[in-house]
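Trainee: Sequence and predicted structure are below.
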Amino acid sequence: MKDTIVIVWNYKREFMLSNKVILITGAAHRIGATTAKTLHAAGYNIVLHYRRSNSGAEALADELNILRENSVSLVQGDLHQTDRLPQLIEGAHATWGRLDGLINNASTFYPTPVEKITEESWDDLIGTNLKAPLFLTKAAAPYLREQQGSVVSIVDIHAERPLREHPVYSIAKAGLVMMTKSMAAELGPEIRVNGVAPGAILWPENEMDNATKERILDRTFLKRQGEAQNIADAVLFLLRDAHYTTGHILTVDGGRSLNS
Ligand SMILES: NC(=O)c1ccc[n+]([C@@H]2O[C@H](COP(=O)([O-])OP(=O)(O)OC[C@H]3O[C@@H](n4cnc5c(N)ncnc54)[C@H](OP(=O)(O)O)[C@@H]3O)[C@@H](O)[C@H]2O)c1
């Protein structure tokens with residue numbers, strides 16, 4: 001499995017050229033899955049990427065294909081395999097013969113206090129959060145250009161303000177913000193490139209104590225956690241409605257990043 005990036009699910013290869021096609025990375029669960037559901041409900045065909053979560057990805061594809069036949073395909077791959085990313089994009093394009101959007105959602109997130117930073121954690125966090133989005137965007141650009149398409153990357157408010165004990169993640173997301181602005185400059189006028197910066201939406205899957213959660217929410221002006229749907233709605237806006245917006249990062253954080 002580790003060495004392959006393949007389309008593993010194609011349903012009937014019926015072409016639905018009238019429907020725009022969006023590739024979402026890391027879309028089996030959480031924010032990626034909610035984004036897939038939201039874009040699908042808006043009428044897009046979805047190429048749903050996953051790495052290890054094959055059962056979650058297949059269940060989501062089944063659910064959405066019941067709602068609209070032949071509207072979701074799956075593509076599997078480890079985004080660290082940079083040389084295989086063009087193949088992943090080719091696979092996403094091949095399903096319906098077009099690609100209109102790329103959502104860079106896949107990510108790794110964990111602490112790296114300075115004394116514990118390793119080359120491995122650097123390669124992993126930079127790889128998923130920065131390197132893969134850049135090389136996916138590069139590979140997708142010719143197809144996106146044909147469709148006047150769009151890239152949306154999920155960044156983080158901590159691209160601007162460092163998250164304590166997470167320097168490598170913060171560096172990676174800061175790079176992703178600059179990738180977004182640089183690609184907007186490079187790929188216009190045909191392709192728009194934007195980002196969404198979530199605040200506290202879903203708590204990380206690794207442990208976070210309640211005191212930390214309370215402290216985060218206390219610093220959030222809306223005094224509550226956001227929902228995955230808030231991020232999905234922002235992605236849909238940038239993808240479908242924001243025709244004159246490029247190189248922009250849309251913050252969706254309940255006002256938290258305003259709080260010093
Ligand atoms: N959760 C929040 O509140 C929050 C806050 C700020 C920013 N964000 C950003 O929002 C996005 C979604 O967040 P999330 O918490 O929903 O994400 P997540 O659950 O932590 O990760 C999404 C997916 O990324 C995939 N992934 C990780 N490493 C990969 C690799 N090497 N190759 C391919 N796929 C890989 C995994 O796919 P498999 O499971 O298939 O392996 C995982 O399911 C991320 O970019 C995150 O940084 C989230």
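Mentor: Arrived safely. Numbering: from 1, shown residues only.
Trainee: Just the strands from the stretch 51-200 of the chain, written as ranges.
Mentor: Counting by DSSP state E, counting those that start in this stretch, the stretch 51-200 of the chain has strands at residues 72-76, 101-104, 150-154, 192-198.
Trainee: Let me see the ranges of the helices in the stretch 151-260 of the chain.
Mentor: Applying DSSP state H, counting those that start in this stretch to the stretch 151-260 of the chain gives helices spanning 167-187, 210-218, 228-236.
Trainee: out of those helices, which comes closest to Asn19?
Mentor: helix 228-236 (15.0 Å; CB to CB). Any C-beta I mention is one placed from the backbone N, CA and C, and that applies to glycine too.
Trainee: What residues sit buried inside that closest one?
Mentor: Neighbour-count burial for helix 228-236 flags 228, 230-236 (criterion: 16 or more other CB atoms under 10 Å).
Trainee: Now do that helix: everything it contacts.
Mentor: 30-31, 33-35, 37-39, 42, 103, 152, 154, 196, 198, 201-202, 250, 252 (CB atoms under 8 Å, 6 or more residues apart in numbering).
Trainee: How far away from the center of its chain is that helix?
Mentor: In terms of CA atoms, centre = their mean, to the nearest Å, the gap separating the centre of helix 228-236 from the centre of its chain is 11 Å.
Trainee: what about that helix, average pLDDT?
Mentor: The pLDDT scores in helix 228-236 average 98.
Trainee: go on, stretch 22-39?
Mentor: 98.
Trainee: measure that stretch end to end?
Mentor: End-to-end distance of stretch 22-39 (CA to CA, to the nearest Å): 8 Å.
Trainee: and if you look at stretch 45-57?
Mentor: End-to-end span of stretch 45-57 (CA to CA): 15 Å.
Trainee: neighbouring contacts of it?
Mentor: 8, 16, 19-29, 33, 36, 39-40, 60-61, 64, 71-79, 88, 91-92, 95-96, 99, 106.
Trainee: Restricting to the residues you listed, which residues neighbour the ligand?
Mentor: 26, 28-29, 78-79, 106 (CB under 6 Å from any ligand atom).
Trainee: ok, which pair from those residues is furthest apart?
Mentor: It's His29 and Asp78 that sit farthest apart of these, by CB to CB, at 16.5 Å.
Trainee: Give the residue from those two that has the larger number of neighbours.
Mentor: Higher neighbour count among His29 and Asp78: Asp78, with 19 against 16, using other CB atoms under 10 Å.
Trainee: Now the more buried one: closest residue in space that isn't a chain neighbour?
Mentor: Of all residues not flanking Asp78 in the chain, Arg51 sits nearest, at 5.4 Å (CB to CB, 6 or more residues apart in numbering).
Trainee: How about Ala184?
Mentor: Nearest non-adjacent residue to Ala184 (CB to CB, 6+ apart): Gly247, at 3.2 Å.
Trainee: Report the contact partners of that neighbour.
Mentor: By CB under 8 Å, 6+ apart, the neighbours of Gly247 are 180-181, 184-185, 193-194.
Trainee: Next: Ala242.
Mentor: 192, 194, 248.
Trainee: pLDDT wise, what is the last one at?
Mentor: Read that as His248. His248 is given a pLDDT of 98.
Trainee: can you pull the contacts of it?
Mentor: Going by CB under 8 Å, 6+ apart, the list of residues near His248 reads 184, 194-195, 238, 242.
Trainee: ok, now with 6 Å
Mentor: Asn194 (CB atoms under 6 Å, 6 or more residues apart in numbering).
Trainee: if we can go back for a sec, closest one to Tyr169 out of the contacts of Ala242, please.
Mentor: Ranked by distance to Tyr169 (CB to CB), the contacts of Ala242 are led by Asn194 at 20.7 Å.
Trainee: okay, now the nearest residue to Ala36 once chain neighbours are set aside: neighbour count?
Mentor: Nearest in space to Ala36, with sequence neighbours left out and distances taken as CB to CB, 6+ apart, is Ala27 at 4.7 Å. Using other CB under 10 Å, Ala27 is surrounded by 32 other residues.
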